[in-house]
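[1] need coordinates for the below:
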Amino acid sequence: TMATSLSGSFGIVALVARVTPINTVAPSLMMSILIAMAFDYALFLLTRFKEESRRAGDTATSLAAVEAAVEATLSAAGMTVLVSGSTLMASFLALLAFPAAIISSLGLGC
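    A predicted model of the protein is given here:
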């Protein structure tokens, strides 16, 4: 959930901040990006679930139909969300290579 991600992210940043300085903008940016990603991925998964439920037709209310829709959603859209999140993580880690402290600390914070 978003609360778990947020608390885990801020916990990691708090540990990193003990070792190296982090720009004061980083936590705000980190929270904004986390919320945006959570909503984006949730909408993506819910849209895919709705499509899969429509394919089931009138039987979409049965437990088996819902389970099949969830399985189809996660098999198709779940990998997309995983790859997209991994790409964002790699992009933020790449910011660590920049010599400017303000940019590299954003890579640590986000």
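[2] now the worst-scoring helix or strand of the chain on mean pLDDT, how far from the centre of its chain.
    Ranking every helix and strand in the chain by mean pLDDT, DSSP states H and E puts helix 101-109 at the bottom, with a mean of 75. Here helix 101-109 shows a centroid-to-chain-centroid distance of 19 Å under the convention Cα atoms, centre = their mean, to the nearest Å.
[3] kindly report the same for stretch 33-42.
    6 Å.
[4] again with stretch 93-110
    Distance, stretch centre to chain centre, for stretch 93-110: 19 Å (Cα atoms, centre = their mean).
[5] with stretch 41-61 instead?
    On the basis of Cα atoms, centre = their mean, stretch 41-61 sits 20 Å off its chain's mean C-alpha point.
[6] cool, and stretch 23-42?
    Distance of stretch 23-42 from the chain centroid (Cα atoms, centre = their mean) equals 9 Å.
[7] sorry, back to before: for the least confident helix or strand of the chain, C-alpha coordinates in CSV please.
    Written as CSV, here are the backbone C-alpha positions of helix 101-109 (Å, rounded to 0.1, in the frame of the first residue of the first chain):
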residue,chain,number,x,y,z
ALA,A,101,25.1,17.8,-4.8
ILE,A,102,21.6,19.0,-5.2
ILE,A,103,20.9,16.6,-8.0
SER,A,104,22.7,13.6,-6.5
SER,A,105,20.8,14.1,-3.2
LEU,A,106,17.6,13.9,-5.1
GLY,A,107,18.7,10.6,-6.5
LEU,A,108,19.2,9.4,-2.9
GLY,A,109,15.9,10.9,-1.7
